[in-house]
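Participant: structure, please.
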Amino acid sequence: MAFPDAERIIYEKNPLEKVICQLKFPSILKIETESPAEFQECIRSDYPFYKRTPAVKLPAGLPTELAALLTKDLPLEIAQTAHEFGSRDERWTLSLTQNFIALTCQSYDRWENFKDHLDRPLRALKELYAPACFTRIGLRYRDVIRRSVLGLDQIGWAELLQPWVAGALAAPEIAADVEHSAQELVVRLPDGRSRVRVHHGLAVDASSQELCYVIDADFFDDQQVELSHVIECLDFLNRQARLFFRWCITDLLHQAMRPQPLSSH
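Facilitator: From the prediction side, this is the model:
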(Lines give C-alpha, C1' and ligand atoms only; values in the text may rest on other atoms or scores of the structure.)
Protein backbone atom coordinates (compact mmCIF):
# COMPACT_ATOMS: atom_id res chain seq x y z
CA MET A 1 0.00 0.00 0.00
CA ALA A 2 1.17 3.55 -0.74
CA PHE A 3 0.13 6.25 1.72
CA PRO A 4 -0.91 9.50 -0.02
CA ASP A 5 1.88 11.92 -0.82
CA ALA A 6 2.25 14.92 1.48
CA GLU A 7 4.49 17.96 1.73
CA ARG A 8 7.45 17.54 4.04
CA ILE A 9 7.17 19.97 6.95
CA ILE A 10 8.33 20.46 10.54
CA TYR A 11 5.73 20.85 13.27
CA GLU A 12 6.34 23.79 15.60
CA LYS A 13 4.28 21.90 18.20
CA ASN A 14 5.85 18.52 17.58
CA PRO A 15 3.87 15.54 18.98
CA LEU A 16 6.84 13.18 18.72
CA GLU A 17 7.76 11.87 22.16
CA LYS A 18 10.44 9.43 21.05
CA VAL A 19 12.17 8.12 17.93
CA ILE A 20 14.15 4.86 17.99
CA CYS A 21 16.29 3.31 15.29
CA GLN A 22 17.34 -0.29 15.95
CA LEU A 23 19.64 -2.25 13.65
CA LYS A 24 19.88 -5.97 14.38
CA PHE A 25 22.73 -8.18 13.20
CA PRO A 26 23.92 -11.80 13.76
CA SER A 27 25.35 -12.12 17.27
CA ILE A 28 28.93 -10.94 17.73
CA LEU A 29 30.21 -12.52 20.95
CA LYS A 30 33.17 -10.15 21.11
CA ILE A 31 30.77 -7.33 22.07
CA GLU A 32 29.49 -9.37 25.02
CA THR A 33 32.81 -10.77 26.24
CA GLU A 34 35.10 -7.75 25.81
CA SER A 35 34.85 -4.14 26.95
CA PRO A 36 33.80 -1.90 24.01
CA ALA A 37 36.60 0.58 24.80
CA GLU A 38 37.60 1.17 21.18
CA PHE A 39 34.00 1.69 20.20
CA GLN A 40 33.59 4.23 22.99
CA GLU A 41 36.65 6.19 21.83
CA CYS A 42 35.13 6.50 18.37
CA ILE A 43 31.90 8.03 19.67
CA ARG A 44 32.88 9.57 23.02
CA SER A 45 32.86 13.17 21.77
CA ASP A 46 29.14 12.84 20.99
CA TYR A 47 28.18 10.34 23.70
CA PRO A 48 30.45 10.95 26.74
CA PHE A 49 28.34 9.16 29.38
CA TYR A 50 28.51 5.39 29.72
CA LYS A 51 26.77 2.70 31.75
CA ARG A 52 26.19 -1.04 31.54
CA THR A 53 22.62 -2.23 31.88
CA PRO A 54 21.23 -5.78 31.93
CA ALA A 55 18.66 -6.59 29.27
CA VAL A 56 16.41 -7.95 32.04
CA LYS A 57 15.12 -5.30 34.46
CA LEU A 58 15.38 -6.68 38.01
CA PRO A 59 13.96 -5.05 41.16
CA ALA A 60 16.06 -2.21 42.56
CA GLY A 61 18.31 -3.10 45.49
CA LEU A 62 18.55 -6.79 44.61
CA PRO A 63 21.84 -8.30 45.91
CA THR A 64 24.42 -8.88 43.16
CA GLU A 65 24.67 -12.61 43.93
CA LEU A 66 20.91 -13.07 43.66
CA ALA A 67 20.73 -11.07 40.42
CA ALA A 68 23.44 -13.29 38.91
CA LEU A 69 21.59 -16.42 40.03
CA LEU A 70 18.32 -15.23 38.50
CA THR A 71 19.86 -14.41 35.12
CA LYS A 72 22.45 -17.18 34.67
CA ASP A 73 20.04 -19.67 33.03
CA LEU A 74 18.23 -17.17 30.83
CA PRO A 75 18.57 -17.41 27.02
CA LEU A 76 21.64 -15.54 25.81
CA GLU A 77 19.68 -12.87 23.92
CA ILE A 78 17.78 -12.02 27.12
CA ALA A 79 20.62 -12.20 29.65
CA GLN A 80 23.11 -10.18 27.60
CA THR A 81 24.54 -6.83 28.64
CA ALA A 82 23.60 -3.57 26.97
CA HIS A 83 26.26 -0.88 26.75
CA GLU A 84 24.59 2.55 26.86
CA PHE A 85 26.20 5.81 25.78
CA GLY A 86 24.46 9.12 26.46
CA SER A 87 24.84 12.65 25.09
CA ARG A 88 25.53 15.70 27.27
CA ASP A 89 22.09 17.20 26.66
CA GLU A 90 20.40 13.87 27.55
CA ARG A 91 18.45 13.92 24.29
CA TRP A 92 20.31 10.99 22.75
CA THR A 93 21.02 7.46 23.96
CA LEU A 94 23.03 4.90 22.01
CA SER A 95 22.76 1.21 22.96
CA LEU A 96 25.07 -1.59 21.85
CA THR A 97 24.58 -5.32 22.50
CA GLN A 98 25.94 -8.43 20.87
CA ASN A 99 23.14 -8.43 18.31
CA PHE A 100 21.92 -4.87 17.83
CA ILE A 101 22.78 -1.20 17.91
CA ALA A 102 20.05 1.33 18.68
CA LEU A 103 19.75 5.11 18.79
CA THR A 104 16.99 6.76 20.83
CA CYS A 105 16.09 10.45 20.54
CA GLN A 106 13.91 12.09 23.19
CA SER A 107 13.56 15.43 21.38
CA TYR A 108 13.37 14.86 17.63
CA ASP A 109 13.49 17.74 15.17
CA ARG A 110 14.39 16.49 11.69
CA TRP A 111 15.60 13.37 9.91
CA GLU A 112 18.94 14.79 8.76
CA ASN A 113 19.93 15.54 12.35
CA PHE A 114 18.97 12.04 13.44
CA LYS A 115 21.09 10.50 10.69
CA ASP A 116 24.05 12.67 11.66
CA HIS A 117 23.87 11.28 15.21
CA LEU A 118 23.74 7.73 13.84
CA ASP A 119 26.59 8.15 11.37
CA ARG A 120 29.62 7.90 13.69
CA PRO A 121 28.33 4.93 15.75
CA LEU A 122 27.41 3.09 12.56
CA ARG A 123 30.87 3.63 11.08
CA ALA A 124 32.48 2.47 14.34
CA LEU A 125 30.31 -0.66 14.35
CA LYS A 126 31.37 -1.52 10.79
CA GLU A 127 35.06 -0.86 11.36
CA LEU A 128 35.45 -2.56 14.74
CA TYR A 129 32.96 -5.43 14.56
CA ALA A 130 32.14 -5.86 10.84
CA PRO A 131 28.68 -7.44 11.13
CA ALA A 132 27.95 -9.77 8.22
CA CYS A 133 24.68 -8.00 7.47
CA PHE A 134 21.68 -6.52 9.21
CA THR A 135 18.80 -8.90 9.89
CA ARG A 136 16.26 -6.26 10.87
CA ILE A 137 16.10 -2.51 10.24
CA GLY A 138 13.61 -0.79 12.52
CA LEU A 139 12.53 2.85 12.82
CA ARG A 140 9.95 3.55 15.50
CA TYR A 141 8.01 6.78 16.02
CA ARG A 142 5.90 7.40 19.12
CA ASP A 143 3.56 10.38 18.75
CA VAL A 144 1.50 11.59 21.71
CA ILE A 145 -1.29 14.02 20.84
CA ARG A 146 -2.14 16.24 23.80
CA ARG A 147 -5.13 18.45 23.03
CA SER A 148 -4.37 20.90 25.85
CA VAL A 149 -1.01 21.79 24.29
CA LEU A 150 -2.70 22.53 20.99
CA GLY A 151 -5.62 24.56 22.32
CA LEU A 152 -8.04 21.82 21.29
CA ASP A 153 -9.38 20.79 24.71
CA GLN A 154 -13.00 21.03 23.64
CA ILE A 155 -12.54 19.30 20.27
CA GLY A 156 -13.53 15.64 19.94
CA TRP A 157 -11.12 13.03 18.59
CA ALA A 158 -13.39 12.46 15.59
CA GLU A 159 -12.45 15.95 14.34
CA LEU A 160 -8.72 15.38 14.84
CA LEU A 161 -8.22 11.80 13.65
CA GLN A 162 -9.27 10.27 10.36
CA PRO A 163 -12.21 7.85 10.74
CA TRP A 164 -10.06 4.81 9.90
CA VAL A 165 -7.93 5.69 12.94
CA ALA A 166 -10.58 7.05 15.33
CA GLY A 167 -12.76 3.93 15.22
CA ALA A 168 -15.41 4.08 17.97
CA LEU A 169 -14.23 7.58 18.90
CA ALA A 170 -15.90 8.73 15.70
CA ALA A 171 -19.29 7.29 16.69
CA PRO A 172 -21.35 10.27 17.96
CA GLU A 173 -23.61 8.07 20.11
CA ILE A 174 -20.80 6.85 22.38
CA ALA A 175 -17.69 8.94 21.62
CA ALA A 176 -17.93 11.06 24.76
CA ASP A 177 -18.21 7.95 26.95
CA VAL A 178 -15.35 5.90 25.52
CA GLU A 179 -12.81 5.44 28.30
CA HIS A 180 -10.41 3.07 26.54
CA SER A 181 -9.64 2.35 22.93
CA ALA A 182 -6.63 0.43 21.58
CA GLN A 183 -5.95 -0.98 18.15
CA GLU A 184 -3.14 -2.78 16.32
CA LEU A 185 -2.50 -2.48 12.61
CA VAL A 186 0.10 -4.09 10.31
CA VAL A 187 0.50 -2.73 6.78
CA ARG A 188 2.80 -3.87 3.99
CA LEU A 189 4.78 -0.95 2.55
CA PRO A 190 5.23 -0.12 -1.15
CA ASP A 191 8.62 -1.84 -1.54
CA GLY A 192 6.89 -5.16 -0.91
CA ARG A 193 9.30 -6.27 1.84
CA SER A 194 8.92 -3.70 4.63
CA ARG A 195 5.99 -3.29 7.00
CA VAL A 196 4.67 -1.00 9.69
CA ARG A 197 3.18 -2.33 12.91
CA VAL A 198 1.11 0.31 14.69
CA HIS A 199 -0.36 0.36 18.17
CA HIS A 200 -2.66 3.33 18.65
CA GLY A 201 -5.30 4.43 21.07
CA LEU A 202 -6.17 6.44 24.15
CA ALA A 203 -3.69 6.80 27.01
CA VAL A 204 -3.57 8.84 30.20
CA ASP A 205 -0.61 11.20 30.64
CA ALA A 206 1.00 10.19 33.94
CA SER A 207 1.94 13.72 34.98
CA SER A 208 -1.14 15.70 33.94
CA GLN A 209 -3.77 12.92 33.89
CA GLU A 210 -4.86 14.24 30.50
CA LEU A 211 -6.46 11.76 28.12
CA CYS A 212 -4.18 11.70 25.07
CA TYR A 213 -4.00 9.78 21.83
CA VAL A 214 -0.88 7.74 21.14
CA ILE A 215 0.26 6.57 17.71
CA ASP A 216 3.21 4.20 18.16
CA ALA A 217 4.45 3.04 14.77
CA ASP A 218 7.32 0.61 14.14
CA PHE A 219 8.50 0.65 10.51
CA PHE A 220 10.74 -2.31 9.75
CA ASP A 221 12.44 -4.51 7.20
CA ASP A 222 13.15 -7.94 8.70
CA GLN A 223 14.93 -9.41 5.70
CA GLN A 224 18.71 -9.37 5.34
CA VAL A 225 20.10 -5.96 4.39
CA GLU A 226 23.69 -5.38 3.28
CA LEU A 227 25.64 -2.82 5.30
CA SER A 228 25.98 -0.59 2.24
CA HIS A 229 22.18 -0.34 1.89
CA VAL A 230 21.21 0.49 5.46
CA ILE A 231 20.89 4.28 5.00
CA GLU A 232 18.86 3.81 1.84
CA CYS A 233 16.53 1.51 3.77
CA LEU A 234 16.22 3.97 6.67
CA ASP A 235 15.49 6.86 4.29
CA PHE A 236 12.65 4.82 2.80
CA LEU A 237 11.20 3.96 6.22
CA ASN A 238 11.46 7.58 7.34
CA ARG A 239 9.50 8.77 4.32
CA GLN A 240 6.80 6.16 4.97
CA ALA A 241 6.59 7.29 8.60
CA ARG A 242 6.02 10.89 7.54
CA LEU A 243 3.31 9.96 5.04
CA PHE A 244 1.65 7.56 7.47
CA PHE A 245 1.28 10.12 10.26
CA ARG A 246 -0.22 12.70 7.90
CA TRP A 247 -2.64 10.02 6.65
CA CYS A 248 -3.80 9.45 10.25
CA ILE A 249 -4.75 13.04 11.11
CA THR A 250 -7.22 15.65 9.87
CA ASP A 251 -6.38 19.09 8.50
CA LEU A 252 -7.62 20.61 11.77
CA LEU A 253 -5.03 18.74 13.85
CA HIS A 254 -2.36 19.29 11.21
CA GLN A 255 -2.83 23.06 11.33
CA ALA A 256 -3.06 23.14 15.14
CA MET A 257 0.47 21.69 15.32
CA ARG A 258 1.69 24.67 13.25
CA PRO A 259 3.38 23.09 10.24
CA GLN A 260 6.44 25.01 9.03
CA PRO A 261 8.15 24.71 5.64
CA LEU A 262 11.37 22.75 5.82
CA SER A 263 13.23 25.59 4.12
CA SER A 264 12.60 27.88 7.10
CA HIS A 265 14.64 25.68 9.46
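Participant: please enumerate the helices of the stretch 101-250 of the chain.
Facilitator: 111-129, 163-166, 230-248 (DSSP state H, counting those that start in this stretch).
Participant: wait, F244 touches R197, no?
Facilitator: No: counting by C-beta atoms under 8 Å, F244 sits too far from R197 to count as a contact (11.4 Å). In short, each C-beta sits where N, CA and C put it, glycine included.
Participant: so between these two, which is more surrounded?
Facilitator: F244 (22 against 15; other C-beta atoms under 10 Å).
Participant: quick one, what contacts the more buried one?
Facilitator: By C-beta atoms under 8 Å, 6 or more residues apart in numbering, F244 lies in contact with 3, 196, 198, 217, 219.
Participant: nearest spatial neighbour of the first one, skipping sequence neighbours?
Facilitator: Spelled out, that is F3. Excluding its sequence neighbours, the residue lying closest to F3 (C-beta to C-beta, 6 or more residues apart in numbering) is L243, at 3.9 Å.
Participant: so what's the residue count around the one you found?
Facilitator: Counted with other C-beta under 10 Å, residues neighbouring L243 total 18.
Participant: residues contacting it?
Facilitator: L243 neighbours (C-beta under 8 Å, 6+ apart): 3-6.
Participant: follow-up on the earlier one: joint contacts of F244 and R197?
Facilitator: In contact with both F244 and R197: A217, using C-beta under 8 Å, 6+ apart.
Participant: thinking again about what came up before, so which of the contacts of F244 wins on neighbours?
Facilitator: Taking other C-beta under 10 Å as the neighbour criterion, F219 ranks highest of these with 26 neighbours.
Participant: I figured that residue hits R193, correct?
Facilitator: No: in terms of C-beta under 8 Å, F219 does not count as a neighbour of R193; the distance is 12.0 Å.
Participant: out of the contacts of L243, who's nearest I28?
Facilitator: F3 (35.7 Å; C-beta to C-beta).
Participant: helix/strand/coil for that closest one?
Facilitator: Using DSSP: H, G, I helix; E, B strand; the rest coil, the structure places F3 in coil.
Participant: what's the pLDDT at it?
Facilitator: With respect to pLDDT, F3 scores 94.
Participant: check A206 too.
Facilitator: With respect to pLDDT, A206 scores 90.
Participant: same thing with A175?
Facilitator: Confidence score, pLDDT, at A175: 89.
Participant: contacting residues for it?
Facilitator: For A175, the contacting residues are 156-158, 168-169, by C-beta under 8 Å, 6+ apart.
Participant: ok, now with 7 Å
Facilitator: Going by C-beta atoms under 7 Å, 6 or more residues apart in numbering, A175 touches 156, 158, 169.
Participant: again, but for Y141
Facilitator: Contacts for Y141 (C-beta under 7 Å, 6+ apart) come out as 16, 19, 217, 241.
Participant: please apply the same query to I31.
Facilitator: Contacts of I31 (C-beta under 7 Å, 6+ apart): 96-98, 129.
Participant: ok, it to F39 distance?
Facilitator: Computed as C-beta to C-beta, to the nearest Å, the I31 to F39 distance reads 8 Å.
Participant: now F49
Facilitator: 14 Å.
Participant: who has more neighbours, the two?
Facilitator: Neighbours were counted for F49 and for F39 using other C-beta under 10 Å; F39 has more, 22 against 12.
Participant: any idea which element L94 lies in?
Facilitator: Following DSSP states H and E, one finds L94 within strand 92-96.
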